[in-house]
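Colleague: Task: produce atomic coordinates for the following.
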Amino acid sequence: MPVNPGTPVHLLFLALACDTSTDDSARPATDTASCPDGSAETEWFTDADADGFGDALSSTLACAAPTGAVADATDCDDKDAAVNPSALDDCDTVDSNCDGTVDDAMPTWYADADADGYGDPLSSTSACAAPAGTVADATDCNDTRDRLHPYDLDADGTTDGCGWHDLVAAGYHNCAIDSDGVTACWGRDNSGATTPPVGVSFASLSAGLYTTCGVGTDATVACWGSFFGSPPDNDTNSYKAVSTGEDFGCVLDVSDEITCWGDDRDAQTTPPAGTFASIDSGDGGNGHSCALDAAGALTCWGYNGHGQATVPAETFTNFSTGGAHTCAITDGGETRCWGNDYSAQCTVAAGTFANVSAGSAHTCAVSETGVVSCWGDDAEGQATPPPGTFNSVAAGAFHTCGITTSGELDCWGSNTFQALDTP
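Modeller: This next block holds a predicted model:
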């Protein structure tokens with residue numbers, strides 16, 4: 001405060017006592033930080049419900065977190081530990097996750113139009129409770145038919161496929177197994193070839209000219225239709241696969257050995273010794289069979305008038321025997337066919353295929369992308385596949401059938417004896 005010379009002393013003291021000036025420029029500087037480490041105090045927010053999230057409307061400044069306080073300030077209800085930004089906002093009529101929307105984590109339900117318990121992954125809705133006609137499952141491949149849905153053949157808890165499976169075709173008839181394990185056959189019912197035994201659950205099938213056989217889920221073999229000789233005794237052995245040709249058949253037992261029965265005029269029921277992984281028999285002419293071992297070596301026996309039983313020196317992943325020819329896919333992904341080529345059934349179409357099926361005088365195969373290609377005899381349209389994608393095909397005499405990627409059956413070619421009239 002300025003002081004004039006000559007000011008009486010008593011007035012000088014009075015002036016100093018009344019000075020309210022804030023000019024501290026003459027005072028020494030002081031440290032404005034209030035924490036021992038030199039940092040400023042932190043704002044802490046009350047966490048009354050101890051859920052780790054604080055109330056933005058209740059805070060205090062301190063160097064360390066006071067009891068019952070946190071650094072977060074995003075809780076929208078500090079009286080309920082179940083309500084905070086990390087909570088699941090399920091069907092409780094409360095904004096549990098503090099995002100301003102009530103019940104935004106409702107479960108998803110999928111349309112089940114065919115009421116088979118499996119939902120359509122392409123048709124869904126969100127709701128707190130399942131709307132009528134919906135299920136929690138989203139694995140159906142075909143929501144228009146209740147017999148087409150995921151299946152687990154070996155009951156190991158893992159889905160093996162969806163829809164029809166194990167499709168087989170012979171001269172004029174076909175058989176397949178639906179998702180519920182029920183076998184259906186259609187086409188020429190010569191001596192009951194399309195009439196499978198009732199109440200028997202099959203794991204795999206094979207169709208011959210007038211015969212159908214299957215291996216049951218209990219590892220027994222059953223045959224129906226017209227066949228020469230008798231299938232093996234189920235009381236003394238168990239089986240993994242069966243294959244039927246014209247007037248003969250063969251089985252692969254659980255020891256991986258082959259036994260055959262029926263007409264042996266061309267040694268078609270005299271299999272080679274050894275162990276094998278799969279087997280197939282042609283149903284045209286006098287018949288031949290082939291079997292693939294675990295190392296990919298293919299062995300064929302029986303009628304060889306056209307070279308159909310003379311295997312190229314390669315290893316294979318899968319194969320199929322036809323009327324008088326054989327086709328197989330090498331472990332390098334190439335398709336080979338040999339035997340009678342009078343209708344170009346051994347003249348393989350361009351492309352790389354995942355599986356192949358040899359018919360009487362034509363062949364069809366499925367590419368890795370599901371596209372079907374056929375070659376050979378096409379007099380009845382059996383080698384002209386429809387558009388679409390397929391999982392597998394089975395070639396008969398003058399027709400072909402396939403399983404689409406949606407699990408449906410589709411057949412083309414001659415409809416003699418209703419071979420195209422799928423179930």
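Colleague: any idea of the mean pLDDT for stretch 153-168?
Modeller: Averaged over stretch 153-168, pLDDT sits at 93.
Colleague: Output it as CSV - backbone C-alpha positions only.
Modeller: The C-alpha trace of stretch 153-168 is given here as CSV (Å, rounded to 0.1, in the frame of the first residue of the first chain):
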residue,chain,number,x,y,z
LEU,A,153,-24.6,-91.3,-37.3
ASP,A,154,-22.2,-92.6,-34.6
ALA,A,155,-23.9,-90.8,-31.7
ASP,A,156,-20.7,-89.1,-30.7
GLY,A,157,-22.3,-85.7,-30.3
THR,A,158,-20.9,-84.3,-33.5
THR,A,159,-23.1,-83.7,-36.5
ASP,A,160,-22.1,-85.9,-39.5
GLY,A,161,-24.3,-84.1,-42.1
CYS,A,162,-27.7,-82.7,-42.8
GLY,A,163,-30.6,-84.2,-44.9
TRP,A,164,-30.5,-87.4,-46.9
HIS,A,165,-27.4,-89.5,-46.9
ASP,A,166,-25.9,-92.8,-48.2
LEU,A,167,-27.7,-92.5,-51.5
VAL,A,168,-27.3,-95.6,-53.8
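Colleague: buried ones in that stretch?
Modeller: Using 16 or more other CB atoms under 10 Å as the test for burial, stretch 153-168 gives 153, 161, 162, 163, 164, 165, 166, 167, 168. Just so you know, the C-beta spots here come from the backbone N, C-alpha and C atoms, and that holds for glycine as well.
Colleague: Nearest to residue 70 among these?
Modeller: residue 162 (50.2 Å; CB to CB).
Colleague: wait, isn't that closest one in contact with residue 153?
Modeller: No - using CB atoms under 8 Å as the test, residue 162 is too far from residue 153 to be in contact (11.9 Å).
Colleague: OK, contacts around residue 353?
Modeller: Residue 353 is in contact with 329, 335, 365, 366, 367, 368, 373, counting by CB atoms under 8 Å, 6 or more residues apart in numbering.
Colleague: whoops, residue 402 was the one
Modeller: When contacts are counted by CB under 8 Å, 6+ apart, residue 402 touches 167, 364, 366, 372, 385, 390-394, 409-411.
Colleague: Confirm it sits in a strand?
Modeller: Yes - counting by DSSP: H, G, I helix; E, B strand; the rest coil, residue 402 falls inside a strand.
Colleague: care to break the chain down by domain?
Modeller: 106-146, 150-418 (automatic domain parsing).
Colleague: Export these to CSV and append columns for distance to residue 44.
Modeller: Formatted as CSV, the domains of the chain follow (distance: least, CB to CB, whole Å):
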stretch, distance to residue 44
domain 106-146, 35
domain 150-418, 51
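Colleague: Among those domains, show me which one is buried the most.
Modeller: Across these, averaging neighbours per residue (mean count of other CB atoms under 10 Å) puts domain 150-418 on top, at a mean of 20.
Colleague: Spatially central residue in the chain, please.
Modeller: For the chain, residue 161 is the residue whose C-alpha lies nearest the centre (CA atoms, centre = their mean; 6.0 Å).
Colleague: from memory residue 192 sits against residue 225, does it?
Modeller: Yes - under the criterion of CB under 8 Å, residue 192 makes contact with residue 225 at 5.4 Å.
Colleague: Looking at the contacts of residue 353, which one is closest to residue 307?
Modeller: The shortest gap between residue 307 and any of the contacts of residue 353 belongs to residue 335, at 17.0 Å (CB to CB).
Colleague: quick one: contacts for the closest one?
Modeller: Counting by CB under 8 Å, 6+ apart, residue 335 makes contact with 327, 328, 329, 348, 352, 353, 356, 365.
Colleague: The first one contacts residue 319, doesn't it?
Modeller: Yes - contact status for residue 327 versus residue 319: in contact at 6.7 Å, counting by CB under 8 Å.
Colleague: any shared contact partners between those two?
Modeller: Joint contacts of residue 327 and residue 319 (CB under 8 Å, 6+ apart) are residue 356.
Colleague: would you list every one of the helices in this protein?
Modeller: 9-17 (DSSP state H).
Colleague: In it, what helix or strand scores lowest on average pLDDT?
Modeller: The helix or strand of the chain with the poorest confidence is helix 9-17; it has a mean of 40 (mean pLDDT, DSSP states H and E).
Colleague: Show me the shaky parts of the stretch 201-350 of the chain.
Modeller: Of all residues in the stretch 201-350 of the chain, those with pLDDT under 70 make up the ranges 284-286.
Colleague: Residue 379 and residue 315: what is the separation?
Modeller: 35 Å (CB to CB, to the nearest Å).
Colleague: same check, this time on residue 237
Modeller: To residue 315, residue 237 is 29 Å away according to CB to CB.
Colleague: now residue 295
Modeller: Separation of residue 295 from residue 315 (CB to CB): 7 Å.
Colleague: do the same with residue 98
Modeller: Look at residue 98 and residue 315: by CB to CB, they are 63 Å apart.
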